[in-house]
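**Student:** below is the sequence, then the predicted model.
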Amino acid sequence: MSISAKTTALILLMGILLSFSASYIQRSIVYPAFDEIEADYARDSIDRVVRRLDAQRQAIDFTVYDWSAWNDTYSFIQSGDPDYIESNLYPDTFLNFGFDVALFLDLDGEVVWGGVYDFPSDGGIVDLTATYLDEVVVAMAKFTGRIDPDEKIDDQTTSGVVQVDDIPVLFAMRPVVRSDGAGPHNGYVVFGQFLDDELITALSEQIIQDFSIEPVSETTVPAAQDNYSLDIIDQSTLSASKIYSIEGIPRLRAAAILPRNITELGRDITYYGLALLILLCIALAAALLALFRWIVVKPIMSLTADVSSISNAMDYSLRASINNNDEIGALSREFNSMLGMIESNNTELLRLNAELTSRHQTVLEVQSDLQAANAELKRLSEHDPLTGLSNRLALEKKLEQAWEILCRTGDPLTVMLVDIDFFKLYNDRYGHQAGDKSLTQVADILASAMQRKSDMAARYGGEEFLLVLPGTSAEDAMSIAAAIREQIIAANIEHDCSPIEPFLTISIGISSVVPHGGLTMGDLVRASDRALYTAKGSGRNRFRYEPVGAIREQQQL
């Protein structure tokens, strides 16, 4: 078979294969990708609905916290003081908060004061207390036992959804304690909102997503975090729903009807793209075939005739007649000068080989120097020049690496955020050079506290340091924090303008979690920051622990 026939067959085969490949890619990869994008969009949309419902629940719980940890409320539960009612418990108060249900219960679940209201959007207040109070109290009574008095005061809470006149009521409940969080419990405060059409409409406008809710059974519906339900209604719409769970118990099913704009776009792109690709393949094959015949096949046939003529005549003074300015013309010229150039080319080849060997050795030496310089640059880029500790760049790499490893091993990852107390006052009193020296002393103590090669002490910024302790439990971290604090005190770094001690002190925030896909490194660091904030707020020169879950709830709020 001639080159022309082979080339023609090859180009035609290429066109057919390209057409089939384009069709396969469009149908098997591109279009299904639009389906997956649409499913992700639907899941994200219903997740926004669930997050908004949970944010509403957290907002209620936050307000309940303010009212339940209040000396006036504590006294009111004991005395039923009418002045407290007159000063605080009037309908406008709950209108401002947007709450429809408010209960103040004693420890036996008896009502000290209660109110059930409706606040129509057109104004006015409808008092429904006489109609629904008993029903609300009965529905709420079973939740008092879910509050664990042994938990920290911030964690002594419960939330849920109850049915009142077939309308879901989203509520939060906390025990009544004194303003400083001291007990014993004196009763319970409950605030709630009717999840009626008016509130659902308002929430829909806030997240720019229409949705609906319906109660679900606690016993028959699973409460998994990824419990999505996606149902295609027709070619233009689909239904997305998800269970909203509170404290691990299914409470509501949130649902939304979404347009299928993405798959419609994908279908159009697939059909039109496929047709265009097939047409392009056909046109390209035809053009390549004609061009190949003109540029390649015809000159090769002419060169073949010249070579055959020279070979048959045995007259090597003859030359090929192809003078094209392309590869075939170059082949013809090289054929003509081949014999005279063989020896010259061999000499030049040996010279070039020696030169190449010399240059290769130079390249190796340069590469070695470059590797050493890169290693030094990497060391400088990952360490703080003042303290010698790792900097933020190295810290972020360490956190990411530890997070990925511990996600697989199931071991805990603990971080400690360390802050020097009243360091600005120290700099103002002793000067920045002394401040830099004290930072270095603190950094040395923190570095010496790292017990394993996998641990890292890094300068987080200013007078803040972050310690990363992979595989260290919260209990062990508390012991390490206590030892660090004692070493700082033992260093006796003078700080006579500190309001708490005449020497330099630190505050430490601790958080620990077993990494998994539902959390991020940022959640862990923010939990330690919250713990540090608590330590500072309770007097400094101490350390506090904060679980990650509490921080995620506040972020969603």
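**Tutor:** Looks like it arrived, so ask away.
**Student:** any weak-confidence spans in the stretch 251-400 of the chain?
**Tutor:** 316, 339-347, 349-350, 369, 372-380 (pLDDT under 70).
**Student:** same thing but at 50, please
**Tutor:** Applying pLDDT under 50 to the stretch 251-400 of the chain flags the ranges 339, 342-343, 346.
**Student:** backbone phi and psi for Ser498, please?
**Tutor:** Per-residue torsions, Ser498: phi -70, psi 130 (degrees, to the nearest 10).
**Student:** to what extent is it buried, counted in neighbours?
**Tutor:** Other residues near Ser498 come to 19 when the count uses other CB atoms under 10 Å. All C-beta spots, glycine's among them, are computed from the backbone N, C-alpha and C.
**Student:** repeat that for Arg146.
**Tutor:** Neighbours of Arg146 (other CB under 10 Å): 13.
**Student:** wait, what's in contact with it?
**Tutor:** Going by CB atoms under 8 Å, 6 or more residues apart in numbering, Arg146 touches 158, 247.
**Student:** any idea how far it is from Val366?
**Tutor:** In this view, Arg146 and Val366 are 70 Å apart by CB to CB, to the nearest Å.
**Student:** that's a strand at Gln163, yeah?
**Tutor:** Yes. Under DSSP: H, G, I helix; E, B strand; the rest coil, Gln163 sits within a strand.
**Student:** can I assume it is in contact with Val216?
**Tutor:** No. Applying CB atoms under 8 Å as the test, Gln163 and Val216 come out as separate, 11.5 Å apart.
**Student:** so these two - more neighbours on which side?
**Tutor:** Val216 (18 against 11).
**Student:** quick one: contacts for the more buried one?
**Tutor:** 243, 250-253.
**Student:** now, the most widely separated pair of those?
**Tutor:** Pairwise distances across the contacts of Val216 (CB to CB) peak at 8.9 Å, for the pair Arg251 and Arg253.
**Student:** between those two, what contacts are shared?
**Tutor:** Between them, Arg251 and Arg253 share the contacting residues 215-216, 244, judged by CB under 8 Å, 6+ apart.
**Student:** next up, identify which helix or strand Met338 is on.
**Tutor:** Met338 belongs to helix 327-381 when elements are defined using DSSP states H and E.
**Student:** between Arg251 and Arg253, which is the more surrounded one?
**Tutor:** The residue with more neighbours, out of Arg251 and Arg253, is Arg251; 23 against 18, by other CB under 10 Å.
**Student:** the closest residue to that one other than its chain neighbours pairs with what?
**Tutor:** Distance criterion CB to CB, 6 or more residues apart in numbering; nearest residue to Arg251, sequence neighbours excluded, is Val161 at 4.2 Å. For Val161, the beta-bridge partners are Leu170 (DSSP bridges).
**Student:** show the contacting residues for Val161.
**Tutor:** 168-171, 195, 215, 246, 251-252.
**Student:** what does Ala394 give?
**Tutor:** Going by CB under 8 Å, 6+ apart, Ala394 touches 382-383, 456, 458.
**Student:** swap in Gly329?
**Tutor:** 299, 322-323.
**Student:** now list the buried members of the residues you listed.
**Tutor:** Buried by 16 or more other CB atoms under 10 Å: 299, 322, out of the contacts of Gly329.
**Student:** what's the closest of the contacts of Gly329 to Leu532?
**Tutor:** Nearest to Leu532 among these: Pro299, at 79.4 Å, using CB to CB.
**Student:** so the closest one versus Asp35, what's the distance?
**Tutor:** According to CB to CB, Pro299 and Asp35 sit 51 Å apart.
**Student:** same question for Ile510.
**Tutor:** In this view, Ile510 and Asp35 are 45 Å apart by CB to CB.
**Student:** in helices only, show me the contacts of Gly329.
**Tutor:** Among the contacts of Gly329, DSSP state H puts Pro299 in helices.
**Student:** relative to Pro175, how far out is Leu105?
**Tutor:** Relative to Pro175, and taking CB to CB, Leu105 is found at 10 Å.
**Student:** common neighbours of these two, please.
**Tutor:** 187-188.
**Student:** and what about Ala255, helix, strand or coil?
**Tutor:** Criterion first, three-state DSSP; result for Ala255: strand.
**Student:** please apply the same query to Val189.
**Tutor:** Following three-state DSSP, the label given to Val189 is strand.
**Student:** all helices for the stretch 1-150 of the chain, in order.
**Tutor:** 3-25, 31-68, 71-79, 82-88, 91-97, 129-141 (DSSP state H, counting those that start in this stretch).
**Student:** pull out the buried positions in the second one.
**Tutor:** Right, the one you point to is helix 31-68. Neighbour-count burial for helix 31-68, counted by 16+ other CB under 10 Å, picks out 31, 34, 38-39, 41-42, 45-50, 52-61, 63-65, 67-68.
**Student:** got it, and the fifth one?
**Tutor:** When neighbours are counted by 16+ other CB under 10 Å, the buried residues of helix 91-97 are found to be Phe94.
**Student:** just the residues contacting that helix, thanks.
**Tutor:** 63, 100, 102, 115, 117, 119, 125, 127, 191.
**Student:** buried ones only from these, please, as a PyMOL command.
**Tutor:** Applying 16+ other CB under 10 Å to the contacts of helix 91-97 leaves a buried subset, and the PyMOL line that selects it is:
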select buried, resi 63+100+102+115+117+119+191
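**Student:** the contacts of helix 91-97 in strands, which ones?
**Tutor:** 102, 115, 117, 127, 191 (DSSP state E).
**Student:** write down the beta-bridge partners of the third one, one by one.
**Tutor:** When bridges are assigned using DSSP bridges, the partners listed for Tyr117 are Asp127.
**Student:** need the contact list for it.
**Tutor:** Contacts for Tyr117 (CB under 8 Å, 6+ apart) come out as 91, 94-95, 100-101, 125-129.
**Student:** got those as a markdown table, with pLDDT and distance to Asn312 columns?
**Tutor:** As requested, the contacts of Tyr117 are arranged in a markdown table below (pLDDT from 0 to 100; distance: CB to CB, whole Å):
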| residue | pLDDT | distance to Asn312 |
| --- | --- | --- |
| Pro91 | 90 | 116 |
| Phe94 | 89 | 111 |
| Leu95 | 88 | 110 |
| Asp100 | 93 | 108 |
| Val101 | 95 | 109 |
| Ile125 | 88 | 115 |
| Val126 | 90 | 114 |
| Asp127 | 91 | 118 |
| Leu128 | 92 | 114 |
| Thr129 | 92 | 118 |
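**Student:** can you lay out those as CSV showing distance to Ala482?
**Tutor:** Compiled in CSV, the contacts of Tyr117 are given as follows (distance: CB to CB, whole Å):
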residue, distance to Ala482
Pro91, 51
Phe94, 46
Leu95, 49
Asp100, 48
Val101, 45
Ile125, 55
Val126, 57
Asp127, 55
Leu128, 54
Thr129, 52
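**Student:** tell me the one of these nearest Met140?
**Tutor:** Within the contacts of Tyr117, proximity to Met140 (CB to CB) peaks at Val101, which comes in at 8.6 Å.
**Student:** what's the distance between the closest residue to Ala449 other than its chain neighbours and Thr63?
**Tutor:** Leaving out its chain neighbours, the residue that sits closest to Ala449 by CB to CB, 6+ apart is Ile484, at 5.1 Å. Counting by CB to CB, the gap from Ile484 to Thr63 is 38 Å.
**Student:** and for Gly123?
**Tutor:** Using CB to CB, Gly123 is found at 23 Å from Thr63.
**Student:** go on, Val49?
**Tutor:** Using CB to CB, Val49 is found at 22 Å from Thr63.
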